[in-house]
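Peer 1: kindly return the folded structure for what I paste below:
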Amino acid sequence: MSLHGRAVLITSGPTREYLDPVRFLTNASSGAMGFALAAAARAAGATVTVVSGPTNLAPPLGVRVVPVVTALEMRRETLRRSGAAMVVIGAAAVSDWRVAKAAAHKIKRSASSLRLTLIPNPDIIKDAAARRRPGQIFVGFALETRRATEHARGKLARKGLDLVVANGPESLASGRIAATLVAKGWTRRLPPGPKARVAKIVVAEITRLMNERRA
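Peer 2: Next up is the predicted model:
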C-alpha cells in the first residue's frame, strides 16, 4: 500500500488568539514543517489538504490550503475533513490557550497591571483521532523544552496516535529540525537536518505503518 491516490490532511503553522482587535497570543512557527510534509506527501502521490494558520510561505504546488486564524477555526476545518482522509498529521503549533473574552476595542495603556484570564483550547489532533475510522493513521508533533521523548510517548497513548514527532523550540521559524520519531514499542532519533528531508522520512514511516496494518 502506498499514498498514491490517498487523501492526506495536515494542520500547519501557528494560530492566533486575539486579546483585542490588534493584539494576539501566538508563537514563532512559520508553517515550514507542515508545508514540507505536504510536499513530501504530494510527491508520494497523495491528494493533500493543509489547514494552515497565518504564514508568509508559499504552499507547495498541487496542495490545497484552507486558511484559518484561531485554534477553534482550525479545529472546525480539521474535523470537517478528517473523516475523509487516510492520514491526518497534526503539525500545527496550536496555541494551548485563548482569552476567555477578547476585548471589543483596543486595550489602552494604563499605570495599572493588566490581568488576563486564559482558558484551554481544544486538542485538535486528539479530537480527530477520537473519530478514527478503520485504517486511518494519525500523527502528532510534540514540541517540548525538556524530556521531549518522554512527553511524546505520553501523547502517543493519551491522544490515540500512531506516531509522534518530538522536537524542540529551536525548530520554530527554522528550515532545520532535530526530531525523534516515537511509535508504539519503538523510538527512532533522526539526525538534525532540513525539514524537507525529515518530512520525507516521516511520510515513508507513515507508509510503512499502513503496510504493516495491511499485512
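Peer 1: find the centremost residue of the protein, please.
Peer 2: residue 91 (1.9 Å; CA atoms, centre = their mean).
Peer 1: could you point out the longest helix of the chain?
Peer 2: helix 195-214 (DSSP state H).
Peer 1: leaving out sequence neighbours, find the closest residue to residue 96.
Peer 2: residue 121 (5.9 Å; CB to CB, 6 or more residues apart in numbering). For every residue, glycine as well, the C-beta is placed using N, CA and C.
Peer 1: ok now stretch 31-47, how far from the chain's centre?
Peer 2: Taking CA atoms, centre = their mean, to the nearest Å, one finds stretch 31-47 lying 13 Å from the centre of the chain it belongs to.
Peer 1: return the set of buried residues in it.
Peer 2: 31-42, 44, 46-47 (16 or more other CB atoms under 10 Å).
Peer 1: if we can go back for a sec, hmm, the residue nearest to residue 96 is touching residue 99, no?
Peer 2: No. Counting by CB atoms under 8 Å, residue 121 sits too far from residue 99 to count as a contact (10.8 Å).
Peer 1: between those two, which contacts overlap?
Peer 2: Each of residue 17 lies in contact with both residue 121 and residue 99 under the rule CB atoms under 8 Å, 6 or more residues apart in numbering.
Peer 1: what's around the residue nearest to residue 96, how many residues?
Peer 2: 18 (other CB atoms under 10 Å).
Peer 1: list the buried ones in the helix or strand hosting residue 127?
Peer 2: Taking DSSP states H and E as the definition, residue 127 sits inside helix 124-129. For helix 124-129, the neighbour count (16+ other CB under 10 Å) marks 124, 125, 126, 128, 129 as buried.
Peer 1: next one: stretch 178-188
Peer 2: In terms of neighbour count (16+ other CB under 10 Å), stretch 178-188 has its buried residues at 178, 179, 180, 181, 182, 183.
Peer 1: what's across from the spatially closest residue to residue 41 that is not a sequence neighbour in the sheet?
Peer 2: Nearest non-adjacent residue to residue 41, counting by CB to CB, 6+ apart: residue 8, 4.5 Å away. Per DSSP bridges, the residues bridged to residue 8 are residue 48, residue 87.
Peer 1: contacting residues around residue 8?
Peer 2: Counted by CB under 8 Å, 6+ apart, residue 8 has contacts 38, 41, 46, 47, 48, 49, 85, 86, 87, 88, 89.
Peer 1: hmm, residue 10 and the third one touching each other?
Peer 2: If I follow you right, that is residue 46. No. Between residue 46 and residue 10 there is no contact under CB under 8 Å: 9.9 Å.
Peer 1: so residue 72 sits against residue 124, correct?
Peer 2: No. Residue 72 sits out of contact with residue 124 when judged by CB under 8 Å, with a separation of 9.5 Å.
Peer 1: helices of this protein, start to end?
Peer 2: Going by DSSP H, the chain shows helices at 32-43, 71-82, 124-129, 148-158, 195-214.
Peer 1: now tabulate these in a markdown table and tack on mean pLDDT.
Peer 2: A markdown table is the format used below for the helices of the chain (pLDDT from 0 to 100):
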| stretch | mean pLDDT |
| --- | --- |
| helix 32-43 | 98 |
| helix 71-82 | 98 |
| helix 124-129 | 98 |
| helix 148-158 | 94 |
| helix 195-214 | 93 |
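Peer 1: out of those, flag the one nearest residue 17.
Peer 2: helix 71-82 (6.8 Å; CB to CB).
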